[in-house]
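Participant: sharing a sequence plus its predicted fold:
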Amino acid sequence: AQKVTQAQTEISVVEKEDVTLDCVYETRDTTYYLFWYKQPPSGELVFLIRRNSFDEQNEISGRYSWNFQKSTSSFNFTITASQVVDSAVYFCALSFTSGTYKYIFGTGTRLKVLA
Amino acid sequence: GAGVSQTPSNKVTEKGKYVELRCDPISGHTALYWYRQSLGQGPEFLIYFQGTGAADDSGLPNDRFFAVRPEGSVSTLKIQRTERGDSAVYLCASSPGTSGTQYFGPGTRLTVL
């Protein structure tokens, strides 16, 4: 089965706290892509990162960092020193390197950052 | 440059009516995708175009749904005999190639009364 699980439905933090959003995926494919998207209240999905299954290096971009662990099929996303503007729904998605390249999305995690 | 655009942004229709939703992808992007997002859920795949042809329409829920992309650019999602269960946000995405990152439009919110 191809599946993405985001077990955290909603998280609330106070501004400047660090927060980690969990993503666990299932696939039988040996090569695949993983993504994170942000969906602010305006509704448009904003691309954050793409990771190839061959590349297990963690990545940092400003206050954002991603931890990819193939052994546990997880691709977690951490926001350091959260800000009110980080409030949004965050989606993790899985795609493949052949066929249609369609995305399989998780159900999303709603992050609320309180001032 | 311009992103993916979708029109209309909102569409309210009555049960049984026909609707068309339009997607204008990023210029030069050959791959185009339609997804449907119900309240509180992640987007679900509907159909994928590579150029003018529908390479995968396995996500279309039934034969009331149809999509075209006649010139390999703009795409139209068509829904016949709309039902209340069709109410959702319909998202369009494009990518520069078959394995490229997908860039999403703002969506069309469809409400069937």
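Facilitator: Right, received. Where do you want to start?

Participant: tell me which residues touch the residue in chain A positioned nearest to chain B, please.
Facilitator: Of all residues in chain A, A:F105 sits closest to chain B, at 3.2 Å by CB to the nearest CB. For the C-beta atoms, the positions are set from N, CA and C on the backbone; glycine is no exception. By CB atoms under 8 Å, 6 or more residues apart in numbering or on different chains, A:F105 lies in contact with A:4, A:91-93, B:42-44.

Participant: and the pLDDT at it?
Facilitator: On the pLDDT scale, A:F105 is placed at 97.

Participant: and the nearest residue to it once chain neighbours are set aside, backbone torsions?
Facilitator: Among residues not flanking A:F105 along the chain, B:G42 sits closest, at 3.2 Å (CB to CB, 6 or more residues apart in numbering or on different chains). Main-chain torsions, B:G42, degrees, to the nearest 10: phi -80, psi 160.

Participant: pull the number of nearby residues for B:G42.
Facilitator: Neighbourhood size, B:G42 [other CB atoms under 10 Å in any protein chain shown]: 22.

Participant: go ahead and confirm it touches A:T107.
Facilitator: Yes - counting by CB atoms under 8 Å, B:G42 does reach A:T107; the two are 5.1 Å apart.

Participant: related to what we said a few turns ago, distance check, the residue nearest to A:F105 against B:S94.
Facilitator: Noted for B:G42: a distance of 19 Å to B:S94, by CB to CB, to the nearest Å.

Participant: one more: A:F77?
Facilitator: A:F77 is 24 Å from B:S94, where distance means CB to CB.

Participant: of those two, who's got more company?
Facilitator: Per other CB under 10 Å, whichever of A:F77 and B:S94 has more neighbours is B:S94, with 25 against 22.

Participant: quick one: contacts for that one?
Facilitator: Contacts for B:S94 (CB under 8 Å, 6+ apart) come out as B:4, B:23, B:25-26, B:29, B:31-33, B:102-103.
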